[in-house]
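> Just need the structure, nothing else, for what follows:
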Amino acid sequence: MDPAFQRLFTVEEANALLPTLRKILDEVALHRDALRERAPHMEPILEAAPGNGGGKAGAEYGVEAYNLYLAIERIRELGVVLKDLDLGLLDFPHERGGRVVFLCWHPPEERVEYWHDLDAGYAGRQPL
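Numbers count the residues shown, from 1 in each chain. Have a look, this model is predicted:
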């Protein structure tokens, strides 16, 4: 197994994780959107933070950022690679033809149906 990855997935194992990953991706999107909504108002708060700690708005922003981190970390702990926050693009390390490649999936796809070489990315997706 490639030491860069904690595990390799079969297509069946990747598909079995999709319901869990969809829920986590919903949470990722919720926190991502909350951060984006607050970001334009953060500059003056961050400038004042050394003197006042950022106040309530700074604390709320920090909580959102931490919650986003935790959701992304749950994906990583499953052994899955999050490639794009906006698309919800996920890669699953997989052995194909004696080498490690990625199974590739993102919503709204129903199941994992594509793969690509580690360095090919989304543009190099090929049907299974």
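> rest of the way, CA atoms for contacts and neighbours
Noted.
> packing partners for the lengthiest helix in the chain?
Among the segments of the chain that qualify as a helix by DSSP state H, the longest is helix 11-38. Here helix 11-38 touches helix 55-77, going by 3 or more CA pairs under 8 Å, 6 or more residues apart in numbering; DSSP states H and E.
> Identify the residues contacting the residue lying closest to residue 24 once chain neighbours are set aside.
On the basis of CA to CA, 6 or more residues apart in numbering, the spatially nearest residue to residue 24 that is not a chain neighbour turns out to be residue 71, at 6.2 Å. Residues near residue 71 by CA atoms under 8 Å, 6 or more residues apart in numbering: 24, 25, 27, 28.
> Show me which of these are buried.
Buried subset of these (neighbour count, 16 or more other CA atoms under 10 Å): 24, 25, 27, 28.
> Using a markdown table, please lay out those together with pLDDT and distance to residue 75.
Shown next, in a markdown table, are the buried ones among the contacts of residue 71 (pLDDT from 0 to 100; distance: CA to CA, whole Å):
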| residue | pLDDT | distance to residue 75 |
| --- | --- | --- |
| 24 | 97 | 7 |
| 25 | 97 | 9 |
| 27 | 96 | 11 |
| 28 | 95 | 10 |
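> Which one of the residues you listed is nearest to residue 109?
Taking CA to CA as the measure, residue 25 is the one of the buried ones among the contacts of residue 71 closest to residue 109, at 13.4 Å.
> ok, now how distant is residue 5 from residue 110?
Here the criterion is CA to CA, to the nearest Å. By it, residue 5 lies 25 Å from residue 110.
> Please identify which of those two sits among more neighbours.
A count of neighbours by other CA atoms under 10 Å puts residue 5 above the other of residue 5 and residue 110, at 14 against 10.
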